[in-house]
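Novice: Predicted coordinates and the sequence they were generated for:
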Amino acid sequence: MAFIYGSEQTHPPSAAPTGSPPRLRKVPYGNLSLHEELQDKNIAPKDLRQLARDGTSLKNLRTTAGLCKGFAQTNVNIIHKEYATEFHAFCEANPVVMPLLYVSQLGEVAAPPLAANSDIRYDIPKYRRFDNGSKITNLGDLSELGGRKFQDFATFYVGCTFTIDSALKRANVKLPHCTDDRIVSIYRTNRNCHSVGRFHSNIMVSMRAIPEQQLALVLQVCALLPEHHGEPIHIGDPKELGITSLDYPDWGDPTIFPEDSVPVFWACGATAIEVIRRAEMPVAYTHCTGSMFVTDLPVSVDVSCSQLNTPIAIRISSAPLRVDLISKACLSVIHNIDAFIQFDSIFSKSIHCHTEGELLMAALQLSYSERVLLIVGNPSQGPTAEVAETTDGPPGAIAIAAILQALGKTVFFLVDNKSSKTYAALINRCIKLGHLKESIHVEVYAQSSENYSGSLAQKFMSGDTSKLALGDVTSKRNSISECISPITPPNCEGKTAGNSNRFDHIIAVGRLGRSRDGRYYRRDGSEVSVVPDPLEDILVVATELGIPTTGVCCYGNQVGMGKAANAVAEYIMPGSTAGCVTPCSNLVVAGCANWAGYGLAAALYALAVCPVHDRYTRKGVGTPTHGARAAQLGGLLEQGDGGVLGVCEGLGMRDEIRPRNSGCVAGLYFHQEHITVIRKINTVLSDMFK
């Protein structure tokens, strides 16, 4: 179930160091009483700058965090004219990491838009000089750039999260580093900035321990300050950023974690220090870590005004702690989609198995996937083997596959051996009609259901096909393992997946599943005449490997419904043991399996065009893609399944409940109930852009 921050408790991940931790820069604490005194006086920016000019008054001040509450602070980078143009381009290419507030003219010591009567050579408590990137010297001022020497330099004023700290303090958010003269923890990540010429670097992040109950407020405040790094680029497990231990920051002091706090990471202007070091310019100057230029710009945010693009934090897992961000508007759209597909017919009763948030969670996990396996097909649902497949499932699977392909993901179908040619034909016709962008690998797994062996399913997942009846009917290769390279699937709740699995998400779409007695049953409780291949074995093994799984279902006998076994037994198939016992990570249920498939496809679309989710998944690096994706994905769902349903019926598929009626799915007619659901989904998606 998806969890929206503000209603439950979590704890930060363990910060026990492993391996060789990054070097801790041990700096003795300064004059704590000075920092406290300046805070108590709420010293004005111009007065703090004047104290800095004195040369001695602030020599023991370690950080300006928490000072001059209500006013913006900036990072400062002073670059020689030979490299200034290229450095400017680097900043503009990385606006989240290096948000520019002002760029001076050559030799300009003042910053008129930011502060009155300022002189950047003297208005910061401490400076740092870089010689050839390697020799670093701390300075009390830049008097060495007096006279005409400064004429060869341009000053870049970059937004700073200390400004966010100021706004958060005014909103009564607890920030320990702002009260005890500690420098905020700063870490080097494994994410790279967009390189420009000689300028390149890993992203540096500053981390704050945020009380969980105040996380929603923090996100509201940050979203209103994009010029100071805006909302965080990561929340939760530091290892996802390549940070070994929170106890060992690369700069600053270790953070004290109050109870019920979570680690929150912002892009940090300290990235410029790494950039300058790697560029190896003859000379460059910056502020010292934690010692910022305090401006006269007031910081005022009004969180009482609801914004559609306000970030909402969703916890994906607790161990390790993984959190995602989406916009308020996107969350509303996905909730509406989930409501639309819950139209329940007398044939389904699936509404009793619905849990709010499952659709959102499935879409969020799929948005990070790269290789997705869809298990499809309901064979032998009729009284004879001639009625090979039902029409409820394949159109929904095609809709999911189309969205995944449009998002650049690789899609595979896993089907029964005897249905493989039917699905290969379905895919080919959908490509010709424009429903699919490209071909889909169709695979079979023909292990006997009477001789179940988890080890064989594990070999299928890893690509070891030496002992499996396994093939790829859309390719001429004898073994699919020849064309699949290993991947590293993401972790899911409490699990660590290996790096040799072929898929990083498994979806079962309207798939008939094994019951408690090992048999397969129709909706009416009668046993199927031809036993299907036990494809649910793959779902079971995927769960054991920690790979996310999703059931796209409408009735109790389908794979994934084991997650709602009690509801199935009480409401859908009372007094029967025919319900499927195979569970899944995320259970997306609807009045028919196709609707659940459309809902999942639509939720993926909503995430793809959400600017907040786009920024968060990119970790603030690169160019926003949500606008381009909107144009790319816009026509996919408008097609509905009218065309796909016709293709399915042309291949011999029929409705299980009304097999003699065309244009019918799950006992409902397409041009009545089905088209209504599709139109509602399309309407709410189009409203995202109004």
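Specialist: Good, I have the coordinates.

Novice: Next SSE downstream of the one helix or strand residue 606 maps to?
Specialist: Assigned by DSSP states H and E, residue 606 belongs to helix 593-608. Next along the chain after helix 593-608, taking DSSP H and E as the criterion, comes helix 611-617.

Novice: Please export the C-alpha coordinates of that following helix as CSV.
Specialist: Output in CSV follows, covering the C-alpha atoms of helix 611-617 (Å, rounded to 0.1, in the frame of the first residue of the first chain):
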residue,chain,number,x,y,z
PRO,A,611,7.3,17.5,-13.5
VAL,A,612,7.9,16.7,-9.8
HIS,A,613,8.4,13.0,-10.5
ASP,A,614,10.5,13.7,-13.5
ARG,A,615,12.9,16.0,-11.6
TYR,A,616,13.1,13.5,-8.7
THR,A,617,13.9,10.5,-10.8
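
Novice: same for it, what does it pack against?
Specialist: strand 311-318, strand 321-327, helix 626-633 (3 or more C-beta pairs under 8 Å, 6 or more residues apart in numbering; DSSP states H and E). (Each C-beta comes from the backbone N, C-alpha and C, glycine too.)

Novice: for the record, mean pLDDT for that helix?
Specialist: Here helix 611-617 scores 92 as its mean pLDDT.

Novice: so how far is it from its chain's centroid?
Specialist: Relative to the centre of its chain, helix 611-617 is centred 7 Å away, using C-alpha atoms, centre = their mean, to the nearest Å.

Novice: go on, stretch 359-371?
Specialist: Offset of stretch 359-371 from its chain centre (C-alpha atoms, centre = their mean): 9 Å.

Novice: in that stretch, what counts as buried?
Specialist: Neighbour counts over stretch 359-371 (16 or more other C-beta atoms under 10 Å) mark 359-371 as buried.

Novice: what does stretch 423-439 give?
Specialist: 423-424, 426-427, 429-430, 435-437.

Novice: Repeat that for stretch 132-147.
Specialist: Within stretch 132-147, judged by 16+ other C-beta under 10 Å, the buried ones are 133, 140-142, 145.

Novice: hang on, the earlier thing: looking at the buried residues of stretch 423-439, which one is closest to residue 93?
Specialist: Closest approach to residue 93 among the buried residues of stretch 423-439 (C-beta to C-beta): residue 437, at 29.9 Å.

Novice: What residues does that closest one make contact with?
Specialist: Going by C-beta atoms under 8 Å, 6 or more residues apart in numbering, residue 437 touches 402, 405-406, 431.

Novice: Where does it fall, secondary structure wise?
Specialist: Following DSSP H and E, one finds residue 437 outside all helices and strands.

Novice: any idea how far residue 282 is from the most far-flung residue of the chain relative to its centre?
Specialist: Within the chain, residue 147 marks the point farthest from the mean C-alpha position, 50.8 Å out by C-alpha atoms, centre = their mean. As defined by C-beta to C-beta, to the nearest Å, residue 147 lies at a distance of 19 Å from residue 282.

Novice: Tell me which entries of the buried residues of stretch 359-371 lie within strands.
Specialist: For the buried residues of stretch 359-371, membership in strands holds for residue 371, with DSSP state E as the criterion.

Novice: from the buried residues of stretch 359-371, which is closest to residue 551?
Specialist: Each of these was checked against residue 551 using C-beta to C-beta; the closest is residue 362, at 9.0 Å.

Novice: Flag every buried residue along stretch 46-64.
Specialist: Those would be 46, 48-49, 51-52, 58, 60-64, for stretch 46-64 by 16+ other C-beta under 10 Å.

Novice: Next one: residue 358 relative to residue 678, how far apart?
Specialist: For residue 358, the distance to residue 678 - C-beta to C-beta - is 21 Å.

Novice: And for residue 555?
Specialist: Counting by C-beta to C-beta - residue 555 and residue 678 are separated by 20 Å.

Novice: what do you get for residue 349?
Specialist: 22 Å.

Novice: Could you do residue 185 as well?
Specialist: Taking C-beta to C-beta, one finds residue 185 at 49 Å from residue 678.

Novice: what about those two, which has more around it?
Specialist: Counted by other C-beta atoms under 10 Å, residue 185 and residue 678 do not tie: residue 185 has more neighbours, with 26 against 23.

Novice: Does the closest residue to the more buried one other than its chain neighbours lie in a helix or a strand, and which?
Specialist: Spatially, and ignoring its direct neighbours in sequence, residue 185 is nearest to residue 249 (4.0 Å; C-beta to C-beta, 6 or more residues apart in numbering). Assigned by DSSP H and E, residue 249 falls within no helix or strand.

Novice: So for residue 249, what's the pLDDT?
Specialist: For residue 249, the pLDDT comes out at 93.

Novice: what's the answer for residue 476, then?
Specialist: Residue 476 is given a pLDDT of 33.
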